[in-house]
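# Based on what follows, work out the 3D shape:
(2 chains)
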Amino acid sequence: GAVVSQHPSRVICKSGTSVKIECRSLDFQATTMFWYRQFPKQSLMLMATSNEGSKATYEQGVEKDKFLINHASLTLSTLTVTSAHPEDSSFYICSASTSTDTQYFGPGTRLTVL
Amino acid sequence: SQQGEEDPQALSIQEGENATMNCSYKTSINNLQWYRQNSGRGLVHLILIRSNEREKHSGRLRVTLDTSKKSSSLLITASRAADTASYFCATDEMGGGADGLTFGKGTHLIIQP
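Numbers count the residues shown, from 1 in each chain, chains lettered A, B, ... in the order given. As a prediction, the model looks like this:
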């Protein structure tokens, strides 16, 4: 089946630093990748949609300058949390989609900002 | 936007019993999906039901969809301790193109051994 990986699985950083999270589709080419955020004991919230080679589309309330998304290839999308603050601590999950309506989710990245 | 609402928010039952979770949504959809998430882990896709389907089965899972009421239910039969997890419904809203899913708030299911 389709596999999506994320790296790192956990990251702890100091306030003010930037953190990059990678999302890779391992055995298929993803036309679209999505980034979600999940706060403790809450549901997933879509942050942005990215298509290879074009700018990401951000959901309302998500700062595009703070959450930089780069979708350089059909198998890789990166999310960079810039100038991270403790309130950015969350579980970030990506998913990848092919031409069908199925999304394949990565295992998630736990970000803790001290 | 967050549109799915699951109920109950939490459910605790004895092993062997059936567990039913409900989900309501607000807009027209292409399909509705159910996911499971163990604590602190990623999502596991359980089942997808399209807007023109009314019922779907997969092993011990049974999903129904009522588009007139904009609601869906997930039934887990003969529950096991390993079914303990949070369950989310997610809708793929109608509108064309590749859209992110809209997740409900989830039901936390606890199976008592």
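
# mind listing what's buried in stretch A:49-64?
Buried residues in stretch A:49-64, counted by 16 or more other CB atoms under 10 Å in any protein chain shown: A:Thr49, A:Ser50, A:Asn51, A:Glu52, A:Ala56, A:Thr57, A:Tyr58, A:Val62. In short, each C-beta sits where N, CA and C put it, glycine included.

# In those, find the pair that's most separated.
Within the buried residues of stretch A:49-64, two members stand farthest from each other by CB to CB: A:Glu52 and A:Val62, at 19.9 Å.

# so what's the closest residue to A:His71 other than its chain neighbours up against?
Closest residue in space to A:His71, ignoring its immediate chain neighbours: A:Ser50 at 4.0 Å, by CB to CB, 6 or more residues apart in numbering or on different chains. When the contact criterion is CB atoms under 8 Å, 6 or more residues apart in numbering or on different chains, the partners of A:Ser50 are A:Thr32, A:Met33, A:Phe34, A:Trp35, A:Ala56, A:Thr57, A:Ile69, A:Asn70, A:His71, A:Ser77.

# ok, residue 51 - contacts?
If you meant another chain, say so; for now it's chain A. The neighbours of A:Asn51, taking CB under 8 Å, 6+ apart as the test, are A:Thr31, A:Thr32, A:Met33, A:His71, B:Ala98.

# Switch to chain B, please.
B:Ser51 neighbours (CB under 8 Å, 6+ apart): B:Ser28, B:Ile29, B:Asn30, B:Asn31, B:Leu32, B:Leu65, B:Thr67, B:Met94.

# next one: A:Leu74
A:Ser25, A:Gln29, A:Ala30, A:Thr31, A:Glu52 are the contacts of A:Leu74 under CB under 8 Å, 6+ apart.

# contacts with chain B among the residues you listed, please.
Taking CB under 8 Å from any CB of the partner chain as the test, chain B is in contact with A:Thr31 out of the contacts of A:Leu74.
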